[in-house]
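> Next one to model:
(2 chains)
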Amino acid sequence: GAGVSQSPSNKVTEKGKDVELRCDPISGHTALYWYRQSLGQGLEFLIYFQGNSAPDKSGLPSDRFSAERTGGSVSTLTIQRTQQEDSAVYLCASSAAGTGAGYEQYFGPGTRLTVT
Amino acid sequence: KNQVEQSPQSLIILEGKNCTLQCNYTVSPFSNLRWYKQDTGRGPVSLTIMTFSENTKSNGRYTATLDADTKQSSLHITASQLSDSASYICVVSARWEKLIFGAGTRLAVHP
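Modelled structure (predicted):
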């Protein structure tokens, strides 16, 4: 079966523009996570979805960041008025459930965002 | 503050040699600890997951250990191969849904 897919793989945008990143989780996975990985840094948690609801949005760095998930499947992460510090790799992961050590998170390949 | 620190930051070894990567954490309450392998340009892939009660877990040539008392973990790679060249990330979960990532150890295996 297909793994987690993300699009686009690379995105270059001008400062101040809005961008939308897409994540297609593994079919049937109810939990979906967004992370950000800056150069030389560890992954940073952004937001977690269980179904279509987001019980934990604590990692979103500012109100320019938002995310939604529809139909319990595809999720989009939107960054408005992009800034240079938003440049990073944005990773999406999904798991069969949101709890339990056995519910492994499977990661997509990421979207590399460059803000010029 | 919940933190995960890894050492060394980078490591070069010769093919066939063993190596050990370290992870110290201050995450509380502790739920589980994971080691991931991340190839360049790819998403992380899980190697092991350990809960509080487990102190060692193996996955092929990878063996992870956990000392929950000292809040330390290690990942031992045996008989390294060129394909082991990657970043190895220690991840600790304070709550089931939220993972706290270390910055990773970048391993290069040379022929």
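> and chain A, which residues reach chain B?
Contact residues, chain A versus chain B (C-beta under 8 Å from any C-beta of the partner chain): A:4, A:31, A:33, A:35, A:40-45, A:48, A:50, A:55-56, A:91, A:93, A:98-105, A:107-110. All C-beta spots, glycine's among them, are computed from the backbone N, C-alpha and C.
> neighbours of the residue in chain A that chain B sits nearest to, just the number please.
Residue nearest to chain B within chain A (C-beta to the nearest C-beta): A:Phe107, separated by 3.0 Å. Close neighbours of A:Phe107, defined as other C-beta atoms under 10 Å in any protein chain shown, add up to 23.
> quick one: it and B:Gly43, what's the gap?
Here the criterion is C-beta to C-beta, to the nearest Å. By it, A:Phe107 lies 3 Å from B:Gly43.
> Likewise for A:Ala93?
Computed as C-beta to C-beta, the A:Ala93 to B:Gly43 distance reads 7 Å.
> Apply the buried test to the residues of chain A next to chain B and list what passes.
Neighbour-count burial (16 or more other C-beta atoms under 10 Å in any protein chain shown) applied to the residues of chain A next to chain B gives A:4, A:31, A:33, A:35, A:42-45, A:48, A:50, A:56, A:91, A:93, A:98, A:101, A:103, A:105, A:107-110.
> Can you give me every residue that contacts B:Gly102?
A:Gly42, B:Val4, B:Glu5, B:Gln6, B:Cys23, B:Tyr25, B:Ile89, B:Cys90, B:Val91 (C-beta atoms under 8 Å, 6 or more residues apart in numbering or on different chains).
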